[in-house]
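In: Compute the structure for the input listed below.
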Amino acid sequence: MTVKPPILVWFRRDLRLADHPALCAAIEGGGPIIPVFIHDDSVAGLGAAPKWRLGLSLASLARDLEDRGSRLILRRGSALEVLRALVAETGAGAVHWSRLYDPQAIERDKAVKSALREDGAAAQSHAGHVMFEPWTVETKTGGFYRVYSPMWRAVKDREVAVPLRAPSTILAPDMWPVSDGLDDWHMGAAMVRGAEVCLPYQRVGEAAAMDRLHAFTDGAISDYKDARNFPAVEATSSLSENLTYGEVSPRQCWHAGQRALHAGAQGAEHWLKELVWREFAYHLMYHTPHILTDNWRTDWDAFPWSTDADHPDVIAWKQGRTGEPFVDAAMREMYVTGKMHNRARMIVASYLTKHLMTHWKVGLDWFADCLTDWDPASNAMGWQWAAGCGPDAAPYFRVFNPETQLEKFDRDGAYTRRWIAEGQGQPQATALDYFKAIPRRWSLSSTSSYPNRLVDLAGGRNRALAAYEAREF
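Out: Model (predicted):
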């Protein structure tokens with residue numbers, strides 16, 4: 001019989017065993033460990049693709065825990081109610097978890113910590129989802145950063161702790177509490193037939209994430225700065241899906257990037273800058289949480305965007321049938337793979353918010369339903385950056401031209417051929433997979449004609465600029 005009381009480790013977006021401060025702190029407590037994941041409102045509210053992808057990650061974590069003599073306990077309900085019930089059932093003396101930084105999570109976690117401590121249980125949150133806690137990064141005058149470049153300069157030489165090793169074994173309790181079955185949660189229900197198409201493109205779990213990180217930093221990172229802009233080239237790390245579920249930590253990524261930098265990889269510093277861009281998104285979400293729901297720059301509140309998510313032009317944008325090959329290929333890539341190349345994300349967001357004059361929240365919500373690498377902070381900052389109302393030192397009147405962007409970054413058409421079947425005599429399998437993944441109610445076929453342009457690009461740009469000029473910024 002064990003002597004010390006069990007300790008609960010509440011997993012959230014930290015679905016790994018290595019570099020896991022909360023797990024390590026719990027193990028140092030000396031008692032048996034009970035890993036827990038809670039299906040609360042934050043999980044119930046996820047879009048179709050991220051919820052499905054989360055379910056895959058949970059299954060992987062459960063297998064990794066079993067390999068170490070442990071198991072993952074699944075419960076559904078209010079986080080506080082579930083944790084209180086588990087404390088009562090197991091006699092646990094402490095609960096540990098990794099911090100999150102969106103306003104709903106902060107409110108929930110404060111309430112959980114306060115209530116558990118009042119109940120007599122130790123409750124402790126830990127770092128892990130970002131490298132730099134948002135309140136530790138300040139300007140010279142003591143405020144938070146509103147522009148990326150000075151934040152990069154402020155943190156680029158900061159010491160980042162060496163990642164923690166994964167435990168080889170995890171002490172189990174004498175008796176395990178009852179767990180829900182993951183299959184009973186039906187995490188992929190809303191994906192319907194898209195799940196089968198999308199599954200081969202996912203690299204799920206901690207081992208796959210580390211393999212991906214090492215492959216990138218040993219190879220493609222050298223050409224990352226320039227090649228990353230070409231969507232047909234495998235030039236990026238593709239770690240966004242692993243970072244969002246915490247299958248790999250930002251500290252692990254940072255140190256791998258630093259090793260590549262010191263080994264002479266020319267693109268390594270630019271990749272490190274992208275890791276800090278992610279930090280910047282979390283920094284802003286913490287200090288200005290309205291970035292998730294409202295214009296970050298409040299002087300845009302009266303801008304005449306359309307909010308009609310069911311407008312025919314918006315439906316065409318969602319379906320990848322705008323008549324702009326770069327936009328359409330990007331949207332179709334998302335339905336087949338669950339992800340979208342970063343250059344393409346900028347193009348489709350600019351097109352929706354500027355050429356179609358549609359509110360960025362329409363796009364933000366659609367991405368939140370369709371991306372397997374959806375991240376609340378990065379998604380919000382990316383959309384507001386593209387729309388012009390967000391944190392960005394560049395001119396708000398920047399309008400990407402999808403035609404000239406295609407000429408520059410996909411001159412030979414490799415990307416568009418990969419994802420657009422219409423008009424090709426022998427379409428690639430990836431292009432045909434789009435028609436297998438999309439909802440049947442769209443009634444689309446590879447034999448359909450490719451659509452004409454929704455809007456004249458010059459005319460759409462001029463309309464957007466006229467609206468900008470009519471505003472007083």
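
In: what stretches of the chain score poorly on pLDDT?
Out: Scanning the chain for pLDDT under 70 picks out the ranges 1-2, 393-396, 472-473.

In: Do a quick rundown of the helices in the stretch 201-350 of the chain.
Out: Taking DSSP state H, counting those that start in this stretch as the criterion, the stretch 201-350 of the chain carries its helices at 206-218, 224-227, 240-244, 250-262, 268-287, 312-319, 325-337, 342-350.

In: right, so of those helices, which gets closest to residue 200?
Out: For those, the distance to residue 200 is smallest for helix 325-337, at 8.8 Å, taking Cβ to Cβ. C-betas here are computed from N, CA, C, even on glycine.

In: what angle sits between the closest one and helix 312-319?
Out: 50 degrees (axes from the mean of the first three to the mean of the last three Cα atoms, to 10 degrees).

In: quick one, domains of this protein?
Out: The chain breaks down into these domains under automatic domain parsing: 1-128, 130-162+192-287, 298-469.

In: Among the ones you listed, single out whichever gets nearest to residue 176.
Out: Checking these against residue 176 by Cβ to Cβ gives domain 1-128 as the closest, at 6.3 Å.

In: how much distance is there from stretch 83-103 to the middle of the chain?
Out: Counting by Cα atoms, centre = their mean, to the nearest Å, stretch 83-103 is centred 24 Å from the centre of its parent chain.

In: can you check stretch 217-228 too?
Out: The answer for stretch 217-228 is 21 Å, by Cα atoms, centre = their mean.

In: ok, and for that stretch, which residues are buried?
Out: Using 16 or more other Cβ atoms under 10 Å as the burial criterion, the residues of stretch 217-228 that qualify are 217, 220, 221, 222, 224, 225, 228.

In: could you dump it to PDB, C-alpha only?
Out: The C-alpha trace of stretch 217-228 is given here as PDB (Å, rounded to 0.1, in the frame of the first residue of the first chain):
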ATOM      1  CA  THR A 217      15.900  21.200 -37.800                       C
ATOM      2  CA  ASP A 218      18.200  18.700 -39.400                       C
ATOM      3  CA  GLY A 219      17.100  19.700 -42.900                       C
ATOM      4  CA  ALA A 220      14.600  22.200 -44.200                       C
ATOM      5  CA  ILE A 221      15.300  24.800 -41.600                       C
ATOM      6  CA  SER A 222      18.400  25.800 -43.600                       C
ATOM      7  CA  ASP A 223      16.300  27.200 -46.400                       C
ATOM      8  CA  TYR A 224      13.300  28.200 -44.300                       C
ATOM      9  CA  LYS A 225      13.500  32.000 -44.600                       C
ATOM     10  CA  ASP A 226      13.000  32.000 -48.400                       C
ATOM     11  CA  ALA A 227      11.400  28.700 -49.200                       C
ATOM     12  CA  ARG A 228       8.600  29.000 -46.500                       C
END
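
In: Please enumerate residues in contact with it?
Out: For stretch 217-228, contacts defined as Cβ atoms under 8 Å, 6 or more residues apart in numbering pick out 233-237, 256-257, 259-260, 265-268, 270-271, 342-343.

In: just the buried members of these?
Out: Buried positions within the contacts of stretch 217-228, assessed by neighbour count (16+ other Cβ under 10 Å), are 233, 235-237, 256-257, 260, 265, 267-268, 270-271, 343.
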